[in-house]
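Participant: sharing a model prediction with you, sequence too.
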Amino acid sequence: FAHEYPIKLGSFKIPGLGKKGPKCDHKPLAKFSADGHSAYFKLLKCKRIECPSCWLDWARRAVFDLALRIEAYARSSATRPISAIMSVPPNEVKNWNWDRVNTSLFQRGYRRIEDKGIEGGVAIFHPYRLNAYARGRWLRARKGRCKGRGHNDIKLWDWVRSQVRHGENLFKFVKLGPHAHVIGFGDSQPHSCEDYVIKFEGGYRHPTRLALKNVVGYLYYLATHTGVLNHLKAYKRHRSKEGELSVRKQKTHTIRAFGDLFRINPKELLGEVGFNTLASEIATLLKMEWKDGELGYPASHKELGISGKEIEWVPIYELGKYLNNEAWLTSL
């Protein structure tokens, strides 16, 4: 059964360490100009979490959706969110599978953290923790000591991603340690239990209340190394009691909402004007833009290669030369 698939050190990647989609970075003929004198080629992007060139776009869009949900609730309820970490001590679980992640980490965590005052929030799953070897290599490379673990580790994770892209093994730098980070709403209370850990950022007595800028920054950090399940195709295969093999529509959700933030509608909470104002604020923090109800990039944006400057207009009389270009024909 799919949920019984074992989770081991090699079961995941982090974003940006997989393969790009089959049409990613292709430039097919998109449309002709109104006067019929020229045509333009549009750069295609797969926008996959595992794609080396698209994962940043995936991360920004995921953060936008989460931050919009969190901040809409914050403004409508006149309260600020706090953050926490939920995890199971290593000695409590010898063998992990996806069902155990759902029950022992997420579902138990929702119940426990609600008992400690958090009425709802979003949770982001991380399968790995950086090991001592990674931190030692980082220091020996004279990258500087992180002032503190957590949010300050974003440069270290980016460095690990770079090392893996240059041929090193990801699993030299990480250890298996499934845990979840929560951004939620409520009043924190002390938690003491041998079989489950809940740690509030800033301590339960005076938890850190996050402003919008901090919410966006923290979510982006969390998105940079969330789990990307390697055996997702196998996981989605399901054999029924009659022995028939089918593909499951259910996915392994590494980013989830719970409690009061489950299925909320930011536009209903804030109204049309308030929603668009907030969407524009979040987009600006992500170096994107909210225009005509859509999230995109300014024309000057070059980091992801998907700005307006990627539109390449070609005079109609020059199209003939493309017919002799096998690579171009393949990209159509």
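Facilitator: All right, it came through fine.

Participant: for this protein, give me the ranges with low pLDDT.
Facilitator: 1-5, 92-93, 142-152, 230-253, 299-324, 327-332 (pLDDT under 70).

Participant: quick check, central residue of it?
Facilitator: Closest residue to the average C-alpha location of the chain: residue 223 at 3.6 Å, with Cα atoms, centre = their mean.

Participant: just give the nearest non-adjacent residue to it, would you?
Facilitator: Closest residue in space to residue 223, ignoring its immediate chain neighbours: residue 59 at 4.3 Å, by Cβ to Cβ, 6 or more residues apart in numbering. (Each C-beta comes from the backbone N, C-alpha and C, glycine too.)

Participant: mind checking the SS state of the one you found?
Facilitator: helix (DSSP: H, G, I helix; E, B strand; the rest coil).

Participant: wait, what's in contact with it?
Facilitator: The neighbourhood of residue 59, defined by Cβ atoms under 8 Å, 6 or more residues apart in numbering, consists of 15, 220, 223-224.

Participant: and which of those residues is nearest residue 257?
Facilitator: Distance to residue 257 across the contacts of residue 59 (Cβ to Cβ) is lowest for residue 223, with 14.7 Å.

Participant: isn't the closest one up against residue 63?
Facilitator: Yes - assessed by Cβ atoms under 8 Å, residue 223 is found in contact with residue 63 at 5.7 Å.

Participant: any quick PyMOL command for the buried ones out of the contacts of residue 59?
Facilitator: Isolation of the buried members of the contacts of residue 59 (16 or more other Cβ atoms under 10 Å) is achieved in PyMOL through the command below:
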select buried, resi 15+220+223+224
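
Participant: among the contacts of residue 59, which one lies nearest to residue 8?
Facilitator: Nearest to residue 8 among those is residue 15, at 19.5 Å by Cβ to Cβ.

Participant: quick one, phi psi at that closest one?
Facilitator: phi -50, psi 140 (degrees, to the nearest 10).

Participant: wait, doesn't it sit right on residue 226?
Facilitator: Yes - at 6.7 Å, residue 15 counts as touching residue 226 under the criterion of Cβ under 8 Å.

Participant: can you give me the strands for the stretch 1-150 of the chain?
Facilitator: Remark: strands assigned in the stretch 1-150 of the chain by DSSP state E, counting those that start in this stretch are 6-7, 12-13, 29-32, 38-41, 82-87, 96-97, 118-130.

Participant: could these go into CSV alongside distance to residue 69?
Facilitator: Output for the strands of the stretch 1-150 of the chain, formatted as CSV (distance: least, Cβ to Cβ, whole Å):
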stretch, distance to residue 69
strand 6-7, 27
strand 12-13, 25
strand 29-32, 33
strand 38-41, 36
strand 82-87, 15
strand 96-97, 28
strand 118-130, 7
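
Participant: okay if I get those strands as a markdown table plus mean neighbour count and distance to residue 198?
Facilitator: Shown next, in a markdown table, are the strands of the stretch 1-150 of the chain (neighbours: other Cβ atoms under 10 Å; distance: least, Cβ to Cβ, whole Å):
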| stretch | mean neighbour count | distance to residue 198 |
| --- | --- | --- |
| strand 6-7 | 16 | 21 |
| strand 12-13 | 23 | 23 |
| strand 29-32 | 13 | 50 |
| strand 38-41 | 17 | 52 |
| strand 82-87 | 22 | 6 |
| strand 96-97 | 20 | 19 |
| strand 118-130 | 22 | 9 |
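
Participant: out of those strands, flag the one nearest residue 202.
Facilitator: When those are compared by Cβ to Cβ, strand 82-87 sits nearest residue 202, at 7.5 Å.

Participant: all strands of the stretch 151-300 of the chain, in order?
Facilitator: Secondary structure of the stretch 151-300 of the chain, counting by DSSP E, counting those that start in this stretch: strands at 174-186, 197-200, 228-229, 237-239, 245-247, 255-259, 289-291, 294-296.
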